[in-house]
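Trainee: let's see this in three dimensions:
(chains A and B)
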Amino acid sequence: MIMEYKKLILRTGFLFLSLLFLLLNGQNVFAKELDPQKILEAVDDNLWSNTKHIEGRLMIDNGRKERVLTWENWMEGTDRAYTLYKSPAREKGTKMLKIQSKLWMYTPRTDRKLLIAGHLLRQSMMGSDLSYEDMTEDKKLSAAYKATFVAKEELQKTECCVLLLTAHDKTTTYQTRKVWVDVEKMIVFKQELYAKGGKLLKEIEYFDYRLLGKRLFPRKMIFRDLLKENTKTTYIFDAIEFDVDIPDKYFSQSILKR
Amino acid sequence: MIFNIAWKNFSRQGIRAVLNVMVTALAMIAVVFNISLYNGFQAQTTRNMIRTDVAGGHYRVPGFDILSPTEWEDVTRKIPESLDDLPNAERASALVQQGQLFPNRRLYPVQLRGIDVHQTLLDLPLDGLKSYGERVEDIIPAVLGVKMAQKAHLKQGDTTVLKWRDRHGVVDARDLLVVDVVTMVNSRVDEGVLWLRLDHLQDMTQRQNEISWVAVKEFQGPVQGMEFQEVDELIADILNLIENDRKYAQVFWVILIFLAGIGVFNTQILNVFKRQKEIGTLMALGMTSAQVVGLFTLEGSMAALLSVFVALLLGTALFAWFQSVGLDISHLAESTIPVHENILLDIHSGEVVSTIVIIVSVMVLVSWLPVRKITRLDPTLALRGRAIT
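Mentor: Numbers count the residues shown, from 1 in each chain, chains lettered A, B, ... in the order given. Next up is the predicted model:
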């Protein structure tokens, strides 16, 4: 009787210790099972395509009033992009052409094209929470950052894997980011952009993912500059086409005219 | 004898003579006052700029332009040894970078100016930064000028977020503590400027031992990798501004002298017309027409000569009083004019003398111009008062 009691205690203790071990190492097991860098690559593969054509709206809310701009965008890889703003009247006909790290802007009111380079890239784009630099970001996350697993969190009613991204080189604008990834679908729900010293600067949220061909693409993205009060910039993608043929003239400076 | 006659004739003009003297004297006072006020403005501006910013000139990194903030980050270099070795009373090193402040979570672009806190060359009230260590800790200590603090709605003890880029363009941000709000006599080093310790800004931007310029007490000879800019070059925009203003003021001086001249000119025309019989008599008594012209010109010029004495008397009293109060330019507080205190006159004797000479010369000229016609008068007609109709 006593022997059986001792065995029971031993078994219970072993079970308890095993559970405790599993609990403490659960996250590591999760991390070992899913390579964070592979997750990031899968996320990039889902978002980036050879070519893309998007029609959408850009809502810039500065806390006092909101401006809505409609636009059409053609992208080729990470290097070339052309955007045409269609409304409101004030912005109608404004064009932006990005080729690698250079960005040209054409405004019909001045009938001039302006190269936005160097330090000008750090200015706010049309009063939004994005800088031109954010716009011209031409590196895939998986290429620019090393990912490590941080935690599991629930976001938008989905269990997400939180990855900490650390820049490979010391010239990357944001040295650290955090991304919330749904590892089932390999989609991002949220990104946080940090200053070198660790202060949280910007936040990007992704909403309403929908299946477009083989890809899941968000219908809405909200950018917030967390150092400013009550400002947000919302991108709404109304129509998206992947792997479309884009005429070469769209990525030529000759398009930057009336 | 001619002088005596001229004086008697002049004094007989009564109120007309007094008015001419007063108007000419006031014109002199006004012109000298105006010139001296500009001198005072320029002198105080230059003094304030030298005291707080430019000292005896700057050794700048070639290409650095304070008016091109987007290029500040590209124009820095390690401080040359020959300048670094100068005593604290003879050099002040500065690093200038762009930053963004977020008081009350509103974006406020600022100039980050790191200054060597041990320097004594420039008169900057930055003692609040001295008690901090060389390495920047979790919170960045900063000093603001009163105007900057007002515009950014910050006060001593407030904390806010400062965002900047390091030498690689990487974004960094940290909390900033306003350790002091100080009065700056030069609004150019107040508005939009955030004063930090030089070592802190170098640390924050990963620019160890780098500077944008070194202000020096005096020229130290050519320094490799740096270009020397003299005081006049550094404050050229203000000097040009004042110079342009002086040009506009010259129109005002011309109008004043013209008004004074009109009075004398008018008196002289009237004299020749009303005193034809006297002119005829003088000619009949044997005076040549040139002597009569000289007499009348001297009469007219009496106003100018007397006005010099009146101007000296009134002007001395007025200027003495003005120097005790100065000109309040608080309405210019919103501008970038580097003067905070009241403006005092800076009177140059050369300018006073030349102003007097010019005005007296003009008065002599306008006294002579109307009486020239006397040379063409027929004495017999003049005696009957019919030479000029």
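Trainee: neighbouring strands for the longest strand that chain A contains, and are they parallel or not?
Mentor: Ranked by residue count under DSSP state E, the longest strand found in chain A is strand A:200-212. Using DSSP bridges, the strands paired with strand A:200-212 are strand A:187-194 (antiparallel), strand A:215-225 (antiparallel).
Trainee: so who does A:D111 touch?
Mentor: Taking C-beta atoms under 8 Å, 6 or more residues apart in numbering or on different chains, we find A:D111 in contact with A:257-258. In this view, the C-beta of every residue, glycine as well, is placed from N, C-alpha and C.
Trainee: phi first, then psi, for B:S367.
Mentor: phi -80, psi -30 (degrees, to the nearest 10).
Trainee: mind listing the helices for the stretch 251-389 of chain B?
Mentor: B:276-284, B:289-325, B:349-368, B:379-383 (DSSP state H, counting those that start in this stretch).
Trainee: quick one, which of those helices is nearest to chain A?
Mentor: Ranking those by proximity to chain A (C-beta to the nearest C-beta) places helix B:289-325 first, at 45.4 Å.
Trainee: could you check the angle helix B:276-284 makes with the closest one?
Mentor: Using axes from the mean of the first three to the mean of the last three C-alpha atoms, to 10 degrees, the inter-axis angle of helix B:289-325 relative to helix B:276-284 is 120 degrees.
Trainee: helix B:289-325 packs against which elements?
Mentor: In this structure, helix B:289-325 packs against helix B:2-12, helix B:15-49, helix B:236-274, helix B:276-284, helix B:349-368, with contacts taken as 3 or more C-beta pairs under 8 Å, 6 or more residues apart in numbering or on different chains; DSSP states H and E.
Trainee: now do the buried residues in the longest one.
Mentor: It stands for helix B:236-274. B:238-239, B:241-242, B:246, B:249, B:253, B:256-257, B:260-261, B:263-265, B:267-268, B:271-272 (16 or more other C-beta atoms under 10 Å in any protein chain shown).
Trainee: same thing with the last one?
Mentor: Under the neighbour-count criterion of 16+ other C-beta under 10 Å, helix B:349-368 has B:352, B:355-356, B:359-360, B:362-368 buried.
Trainee: export stretch A:58-72 to CSV, keeping only CA atoms.
Mentor: In CSV, the C-alpha atoms belonging to stretch A:58-72 read as follows (Å, rounded to 0.1, in the frame of the first residue of the first chain):
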residue,chain,number,x,y,z
LEU,A,58,-5.5,57.3,-49.4
MET,A,59,-7.0,59.0,-46.3
ILE,A,60,-4.8,61.4,-44.5
ASP,A,61,-6.2,62.4,-41.1
ASN,A,62,-4.1,65.0,-39.3
GLY,A,63,-6.4,65.0,-36.2
ARG,A,64,-8.3,68.1,-37.4
LYS,A,65,-9.5,67.1,-40.8
GLU,A,66,-9.3,64.2,-43.2
ARG,A,67,-8.3,64.4,-46.8
VAL,A,68,-9.1,61.6,-49.2
LEU,A,69,-7.0,61.0,-52.3
THR,A,70,-7.8,58.4,-55.0
TRP,A,71,-4.9,56.9,-56.8
GLU,A,72,-3.8,54.2,-59.2
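Trainee: buried ones in it?
Mentor: Per 16+ other C-beta under 10 Å, stretch A:58-72 contains these buried residues: A:58-62, A:67, A:69-71.
Trainee: stretch B:98-106 now?
Mentor: B:98-103.
Trainee: do you know how far the closest residue to B:L37 other than its chain neighbours is from B:G40?
Mentor: Spatial nearest neighbour of B:L37, chain neighbours left out: B:L345 (5.9 Å); criterion: C-beta to C-beta, 6 or more residues apart in numbering or on different chains. Separation of B:L345 from B:G40 (C-beta to C-beta, to the nearest Å) stands at 5 Å.
Trainee: coming back round to it: can you redo the helices of the stretch 251-389 of chain B as TSV with mean pLDDT?
Mentor: Listed next are these as TSV, based on pLDDT from 0 to 100:
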stretch	mean pLDDT
helix B:276-284	83
helix B:289-325	89
helix B:349-368	92
helix B:379-383	79
